[in-house]
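[1] Here you go, sequence then predicted model.
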Amino acid sequence: MSFEKGYVQVYTGNGKGKTTSSIGLGLRAAGSGLRVHMIQFMKGRRYSELDALEHVPGFTVEQHGRDEFVSKEKPEKIDVELAGKGLSRARKVVLSGEYDLVILDEVNVAVDFGLITEESVLELIRSKPAHVELVLTGRYATEGIIEAADLVTEMREIKHFYNSGVEARKGIEY
C-alpha cells in the first residue's frame, strides 16, 4: 500500500510535542501497513520511544547526532558532519521509493543552527517521489520551508511545568 499523492507536513513552534506527534503519525501509518523511516538530526541519546519503536514492524529510526549540546553560535565540526550525513541519508531514503512516510526529526533546528542549508532541504522536498509523505519537525521552520509545505502545525507553549522546576521525566519527556 502506498499513497497516490504524498504531502509535506511541518511540525514547528516552541511548544512540546513535535517529535511525539510525528511518531504518532508514524505509528498510525505502520499500523496501516505503510513503511515508515525516521531520521533524527542532532539527536544521539537513547530516548525511550526508540525502545518501543524497535518492536513496531515497518517503522525504522536512525540518528545523526551526538548526545551533546550543539552550540548555535559555534557548532562543532562533528555536528556539521553528522547533520550532512543525515541529510545525505535522507535523500537516499526519500528517493529510494521504499518508504511511504519519511520523518526528518529536528531538521528545522539543523537548518536554523547552520548545520545544513535551507536550500538543501527545499531541494529534497522538490525531488521527493509523488507517493512519499514527508514530515519535517523542529522549532524555527524557515519561511521557505513553511511555504513549500502542504500542512504546517505550530506547537505553542502556553504553560510548561519546567518553568516551576519540574525536571524531565523518563517515559514522558524522554
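    Received the coordinates, thanks.
[2] Now Glu154, what are its backbone angles?
    phi -110, psi 120 (degrees, to the nearest 10).
[3] ok, it to Asp105 distance?
    Distance from Glu154 to Asp105, counting by CB to CB, to the nearest Å: 17 Å. Backbone N, C-alpha and C define where each C-beta goes, glycine included.
[4] what about Thr117, how many neighbours?
    By other CB atoms under 10 Å, the residues close to Thr117 number 12.
[5] How about the contacts made by the nearest residue to it once chain neighbours are set aside?
    Among residues not flanking Thr117 along the chain, Val111 sits closest, at 7.0 Å (CB to CB, 6 or more residues apart in numbering). By CB atoms under 8 Å, 6 or more residues apart in numbering, the residues touching Val111 are 117-118, 121, 140, 142, 145.
[6] Keeping just the C-alphas, turn the lowest-mean-pLDDT helix or strand in the chain into PDB.
    Lowest mean confidence among the helices and strands of the chain (mean pLDDT, DSSP states H and E): helix 48-53, at a mean of 92. C-alpha atoms of helix 48-53 as PDB (Å, rounded to 0.1, in the frame of the first residue of the first chain):
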ATOM      1  CA  SER A  48      12.500   5.800  25.500                       C
ATOM      2  CA  GLU A  49      10.400   6.000  22.300                       C
ATOM      3  CA  LEU A  50      13.300   4.300  20.400                       C
ATOM      4  CA  ASP A  51      13.000   1.200  22.600                       C
ATOM      5  CA  ALA A  52       9.300   1.000  21.800                       C
ATOM      6  CA  LEU A  53       9.700   1.700  18.100                       C
END
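[7] returning to that earlier point: which of the contacts of Val111 has the most neighbours?
    Among the contacts of Val111, the one with the most neighbours (other CB under 10 Å) is Val121, at 24 neighbours.
[8] Was I right to think that residue contacts Leu136?
    Yes - under the criterion of CB atoms under 8 Å, Val121 makes contact with Leu136 at 7.2 Å.
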